[in-house]
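**Q** A structural model of the following input is requested.
(one chain, ligands or ions: 2)
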Amino acid sequence: MISIVVPAHNEERNLELLHARVSAQMQVLIGGPECADWEVVIVDDGSTDRTWERVMTLASEDGRVRGVRLSRNFGHQNALLAGLAAARGDAVISMDADLQHPPEVLPSLIQKWREGYQIVHAIRRDAGSLALSKTLTSRLYYRLFSYLSGVRIEPGAADFRLLDRQVLDEILKFKEEGVFLRGIVHWVGYATAAVSFECGERHAGASSYDMRKMLTLAWHGISSFSLVPLRIAVVIGLAASTLSFLGVSYAILGWWLDRAVVPGWASSLAIMSGFFGLLFVVLAILAEYVGRIVIEVRGRPRFLVRETAGATLRPRNRAHLKPASSPDARTGT
Ligand code: UDP
Ligand code: MG
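**A** Ligands and ions are numbered 1, 2, ... in the order given. Presented below is the predicted three-dimensional model:
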């Protein structure tokens, strides 16, 4: 069985077309419409429009559609995880709901999987349809990420990929908060292949990835994969201490040799504020990591499920849907 996992936040106007186009591809691939060898798991990530109603309608019309409704907006990565946890397929494909990831790429992903690859990335060819700012920032970021973490991410990789059941089961064991799937799928290894696709325009609605969400994802990625920023902080600290040590030595030496070293207000203030500035930079980097530790230690569930729609067959990874009802999650302890 092949599962297609779609996180959806305010995508009411895209789901029907997405379903139609996915069905068209899967039917050619797998057999007639009676064949139940695939499913679509749509995760409603706290939408404020009629996304959930659309999901329920689709699920009542087509037994292969299942819905998971999260209790609020948990963000794209967590919604994706919720869908991956609910998927039952031997291969699980994740894609966006806005049709920027064309369903017509599905056959080539599945073809690679049948050839024996356990992870198949769909890599975006950065052509005209995407804003230049987005392609540039994403390239720059992936380069920085690869440099800092030693994990190479192909530029143009988004969360459009196929995972084999074995890989998925391993990834679902990762309990880290602020999970950065784009890095983890490279970190885990396994036989990997890639196919490329032309990124389409968003079909309807607006992108919900604003600057803040993008920066959060970027920082989660780097801080969960790399300690290099901490090391940079150490280097800054050492360099600053060396400089101030030299400055103080010079002053003492001048006083001792009775030379007139009279530092004016301006220069001493400049030095003071400069070093304080550096100090706070270093502290801020430390604080970010300490904050991440606090979040990890709390170990809260990464998403909570409000309700589900469609076939009530048991998902393979029930454990990952459980936190919603476990006593620990309710008391928050
Ligand atoms: N998405 C989500 N939760 C969010 C934001 C986005 O599930 O909080 C989904 C969204 O419905 C879409 C995918 O993540 O299926 C990618 O989002 P979007 O198209 O807004 O991002 P962009 O393509 O602009 O990077
Ligand atoms: Mg999009």
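**Q** how about the residues of the stretch 51-200 of the chain by ligand 2?
**A** 96, 98, 100 (C-beta under 5 Å from the ion). Glycine gets a C-beta too; all of them are placed from N, C-alpha and C.
**Q** just give the number of residues close to the second one.
**A** Yep, that's residue 98 we're talking about. 24 (other C-beta atoms under 10 Å).
**Q** name the element it belongs to?
**A** Assigned by DSSP states H and E, residue 98 belongs to neither a helix nor a strand.
**Q** give me phi/psi at residue 192?
**A** Main-chain torsions, residue 192, degrees, to the nearest 10: phi -120, psi 140.
**Q** helices of the stretch 1-150 of the chain, start to end?
**A** Secondary structure of the stretch 1-150 of the chain (DSSP state H, counting those that start in this stretch): helices at 15-30, 51-61, 76-86, 106-114, 132-149.
**Q** the last one near ligand 1 anywhere?
**A** Just to be clear, that refers to helix 132-149. No: applying C-beta under 6 Å from any ligand atom, one finds helix 132-149 out of contact with ligand 1, separated by at least 7.4 Å.
**Q** which residues sit against the helix or strand just after that helix?
**A** Moving toward the C-terminus from helix 132-149, the next helix or strand (DSSP H and E) is strand 157-164. With contact meaning C-beta atoms under 8 Å, 6 or more residues apart in numbering, strand 157-164 is reached by 76-77, 80, 84, 90-96, 101, 105, 109-110, 112-113, 117-124, 142, 171, 181-182, 185, 190, 197.
**Q** and the buried ones among those residues, selectable in ChimeraX?
**A** Applying 16 or more other C-beta atoms under 10 Å to the contacts of strand 157-164, the buried members can be selected in ChimeraX as follows:
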select :76,77,80,84,91,92,93,94,95,96,101,105,109,110,112,113,117,118,119,120,121,122,123,124,142,171,181,182,185,197
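**Q** keep only those of the contacts of strand 157-164 that are in strands.
**A** Taking DSSP state E, the ones among these that sit in strands are 91-94, 119-124, 197.
**Q** now for those, which pair is the farthest apart?
**A** Using C-beta to C-beta, the two most remote members of the ones in strands among the contacts of strand 157-164 are 91 and 124, lying 20.7 Å apart.
**Q** and the chain, which residues reach ligand 1?
**A** 7-9, 11, 45, 73, 75-76, 79, 96-98, 100, 202, 207-209.
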